[in-house]
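Asks: Mind looking at a prediction? Sequence and model below.
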There are 2 protein chains.
Amino acid sequence: MKRAVLTVFTFGFSLTFASMATAQTADSLPSWNAGASKQAITQFVKDVSTAGGSKFVPPAERIAVFDNDGTLWAEQPMYFQLAFALDRVKALASQHPEWKDKEPFASLLKGDLKGALAGGEPAIFQIVMATHAGLTTEEFEQIVRDWIATAKHPKTGRPYTEMVYQPMLELLTLLRTNGFKTFIVSGGGIDFMRVFSERVYGIPPEQVIGSSGKLKFELRDGKPVLVKLPEIDFIDDKAGKPIGIQQHIGRRPIAAFGNSDGDLEMLQYTTAGSGARFALIIHHTDADREWAYDRQSPIGRLDKALDEAQAKGWTVVDMKQDWKLIYPLEKR
Amino acid sequence: MKRAVLTVFTFGFSLTFASMATAQTADSLPSWNAGASKQAITQFVKDVSTAGGSKFVPPAERIAVFDNDGTLWAEQPMYFQLAFALDRVKALASQHPEWKDKEPFASLLKGDLKGALAGGEPAIFQIVMATHAGLTTEEFEQIVRDWIATAKHPKTGRPYTEMVYQPMLELLTLLRTNGFKTFIVSGGGIDFMRVFSERVYGIPPEQVIGSSGKLKFELRDGKPVLVKLPEIDFIDDKAGKPIGIQQHIGRRPIAAFGNSDGDLEMLQYTTAGSGARFALIIHHTDADREWAYDRQSPIGRLDKALDEAQAKGWTVVDMKQDWKLIYPLEKR
């Protein structure tokens, strides 16, 4: 097991170097089955990076944006960050005796997840804020770091960072090898994702865009720190995604990758620019190796965006058909 | 003149390549006079980039942040973006007959700048919002692009982008040549600076942090665009600077460069991290070649930060003594 974990942890980097040497001569997407999706990706990358070609795009403008939950790693049976927040509620319960009588905490502490989440987004918001706020950004980072190193997924029993998608890691590397700058643009918490994005995806913290709470600058023991406040600053979902892209990147991406209706505006915004554009949606169709869900799923609902993808000819990845592997550990 | 303009426009890039070849053999800071400031900079860069040294910092953590107004380009007799906004008021006046009777616009249109700005920051806010809001981000970018290509500074008669500081361009290049990622962290408008930051400073839009208004995603003629709203989203000044750094970069910089009290919290935050740290303040002491101002200046006031720099041993650049040249065109 130890060796396997190390493989994942160093994956983003070792693959980068390996691919640099072999990009032109070998298959850069070995975990993708031959087919329309793989063909569309490789053709687009070739088009925009061929100097003198009619679809050439200067490297500085090769911006690619990726949703995270359900696009780069799994999101079932609940968003992984929610699992983190639930574990925090348990860890903090003894400091909050009032939670025993207060929803959504009371249900949670009784193990009734469904009851706790019956309040919908406001309940999730309360849980996240109660467990994140008051910490400095550095304290929060350490707590996430400890959690992600030890927590296990309820179905697979694996660390969450081993539930990233091997084909997408290869795609990230292919893009970077061809001069792209890769960004995460996710509804997840910006500071949560940054803890593992560089190690797992090769995406540095400054290229992670996500939802965020407000921060306060203050001196603690004479040292300047940033403290997380229990107040939402920005929700990086739906129409918020193009806005997050503008605020952080300042130019329209040329390629966007998502899996749900929350990504629709990002895909629309990306493809509406001039010149070569690429939009891809991952359709979760593999109930055996991963999960199968789309139009009716409360998590990662894919309905309007699936219709629009079909109408506009965006690439739709059929996970079951298109992916030879799902997770990196299957390579063993 | 044409040749000179071209020199400035291509400057950031040509210098990058030149320096890559010569960084180890020649003086990378030719416009800096020998002295404590130059020595402190070169020693810090050498310390953090010497593998195996006690002060070595991995390249990914070599984050350097720069204020813009008064640090990378001049800011007198008024912030250059305010000059832009004033020109916009004039250009838009015929569409706003009500401005003739409404402050601060009425004074402005009569040429009474002092009267217009008597209202302080709220007046500046009104001017900026009235002239920026309602535009798509792409329309705004084009207007700034046209303005910056033609507008002239009232004292020097030069384009504003020629009033960048040659010694700071060399410093930016020296840092990047040694593996640093350079960011702007300025109270100026984020979308205003992005129009010229890559061309003039070699800093791409995604590495520009600034003040911003709220945006709205909408379809115009069926095309998804982002529209600027007349509402402040974020003020990237004073305690806002460390917050902007966290939201955009997600890690504490190891080097920070500023010139006014608005930069103090950024310098405090940067230097409070562990390991090698560097803070530098530019003191405007050159009334002949540039301007001389500090504790009493309404623009770029340098008072508390100057005291703290002296108390903490930060590098204070004496512009008159330390800089051989001010602007790139003096190289002719």
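Replies: Thanks, I have the structure now. Numbers count the residues shown, from 1 in each chain, chains lettered A, B, ... in the order given.

Asks: Tell me how far stretch A:132-151 lies from the chain's centre.
Replies: Counting by Cα atoms, centre = their mean, to the nearest Å, stretch A:132-151 is centred 18 Å from the centre of its parent chain.

Asks: er, stretch A:313-326 actually
Replies: Between the centre of stretch A:313-326 and the centre of its chain there are 17 Å (Cα atoms, centre = their mean).

Asks: Would you mark the buried spots in it?
Replies: Buried residues in stretch A:313-326, defined by neighbour count with 16 or more other Cβ atoms under 10 Å in any protein chain shown: A:Trp314, A:Thr315, A:Val316, A:Val317, A:Asp318, A:Met319, A:Lys320, A:Asp322, A:Trp323, A:Leu325, A:Ile326. (Glycine included, C-beta is placed from N, CA and C.)

Asks: And the residues you listed, which is closest to chain B?
Replies: A:Trp314 (14.3 Å; Cβ to the nearest Cβ).

Asks: The closest one and B:Lys110: what is the separation?
Replies: Distance from A:Trp314 to B:Lys110, counting by Cβ to Cβ, to the nearest Å: 55 Å.

Asks: Give me the neighbour count for A:Gly53.
Replies: When neighbours are defined as other Cβ atoms under 10 Å in any protein chain shown, A:Gly53 has 12 of them.

Asks: From A:Phe105, how far out is it?
Replies: Using Cβ to Cβ, which is the criterion applied here, A:Gly53 is 58 Å from A:Phe105.

Asks: Helix or strand: which one has the nearest residue to A:Asp237 once chain neighbours are set aside?
Replies: When the adjacent residues along the chain are set aside, A:Asp237 lies closest to A:Gly187, with 3.8 Å between them (Cβ to Cβ, 6 or more residues apart in numbering or on different chains). A:Gly187 belongs to strand A:181-189 when assigned by DSSP states H and E.

Asks: what secondary structure does A:Ala123 sit in?
Replies: Per DSSP: H, G, I helix; E, B strand; the rest coil, the local secondary structure of A:Ala123 is helix.

Asks: Was I right to think A:Ile235 contacts A:Gly189?
Replies: No. Applying Cβ atoms under 8 Å as the test, A:Ile235 and A:Gly189 come out as separate, 10.6 Å apart.

Asks: Of these two, give the one with the bigger neighbour count.
Replies: Counting neighbours by other Cβ under 10 Å for A:Ile235 and for A:Gly189 shows that A:Gly189 has the greater number, 24 against 17.

Asks: Chain B versus the more buried one, what's the distance?
Replies: Distance from A:Gly189 to chain B, counting by Cβ to the nearest Cβ, to the nearest Å: 11 Å.

Asks: which parts of the stretch 201-332 of chain A sit against chain B?
Replies: With Cβ under 8 Å from any Cβ of the partner chain as the criterion, the stretch 201-332 of chain A meets chain B at residues A:204-208, A:212, A:215-217, A:223-224, A:226, A:233, A:239-240, A:242-243, A:246-251, A:265, A:268-269, A:272.

Asks: try 6 Å this time
Replies: On the criterion Cβ under 6 Å from any Cβ of the partner chain, chain B has as its neighbours in the stretch 201-332 of chain A the residues A:205-206, A:215, A:217, A:223-224, A:226, A:239, A:242-243, A:246, A:249-251, A:265, A:268-269, A:272.

Asks: Separate out the buried members of those.
Replies: Restricting these to buried positions leaves A:205-206, A:215, A:217, A:224, A:226, A:239, A:242-243, A:246, A:249-251, A:265, A:268-269, with burial counted as 16+ other Cβ under 10 Å.

Asks: Just these: which are in strands?
Replies: The members of these that map onto strands under DSSP state E are A:Leu215, A:Phe217, A:Pro224, A:Leu226.

Asks: Relative to A:Ser37, which of those is nearest.
Replies: Within the set of these, A:Leu215 lies nearest A:Ser37; the separation is 39.9 Å, counting by Cβ to Cβ.

Asks: Quick one: residues contacting the closest one.
Replies: Residues near A:Leu215 by Cβ atoms under 6 Å, 6 or more residues apart in numbering or on different chains: A:Leu226, B:Ile243.

Asks: what helix or strand is the residue in the stretch 51-200 of chain A that chain B sits nearest to on?
Replies: Nearest residue of the stretch 51-200 of chain A to chain B: A:Arg194, at 4.6 Å (Cβ to the nearest Cβ). Mapping A:Arg194 onto the secondary structure by DSSP H and E places it in helix A:190-201.

Asks: before we move on, the earlier item: would you mind listing the two of the ones in strands among the buried ones among the residues of the stretch 201-332 of chain A next to chain B that lie farthest apart?
Replies: Among those, A:Leu215 and A:Pro224 lie farthest apart (Cβ to Cβ), at 12.0 Å.

Asks: The spatially closest residue to A:Thr150 that is not a sequence neighbour - how many residues pack around it?
Replies: In space, not counting the residues next to it along the chain, A:Thr150 is nearest to A:Pro159; the distance is 7.8 Å by Cβ to Cβ, 6+ apart. A:Pro159 sits with 20 neighbouring residues when counted by other Cβ under 10 Å.

Asks: Could you report the distance from A:Ile326 to A:Arg301?
Replies: The gap separating A:Ile326 from A:Arg301 is 21 Å, by Cβ to Cβ.

Asks: can you tell me which residues contact A:Asp47?
Replies: Under the criterion of Cβ under 6 Å, 6+ apart, the contact partners of A:Asp47 comprise A:Lys55, A:Ala276.

Asks: what about the helix or strand where it lies, distance to the chain center?
Replies: Element membership for A:Asp47 (DSSP H and E) is helix A:36-49. For helix A:36-49, the distance from its own C-alpha centre to the chain's C-alpha centre is 22 Å (Cα atoms, centre = their mean).

Asks: following that helix, which helix or strand shows up next?
Replies: As the chain continues past helix A:36-49, the following element, by DSSP H and E, is strand A:63-66.

Asks: next structured bit after that next one?
Replies: Tracing the chain past strand A:63-66, the next element assigned as helix or strand by DSSP H and E is helix A:80-92.

Asks: Pull out the buried residues from that next one.
Replies: Using 16+ other Cβ under 10 Å as the burial criterion, the residues of helix A:80-92 that qualify are A:Phe80, A:Gln81, A:Leu82, A:Ala83, A:Phe84, A:Ala85, A:Leu86, A:Arg88, A:Val89.
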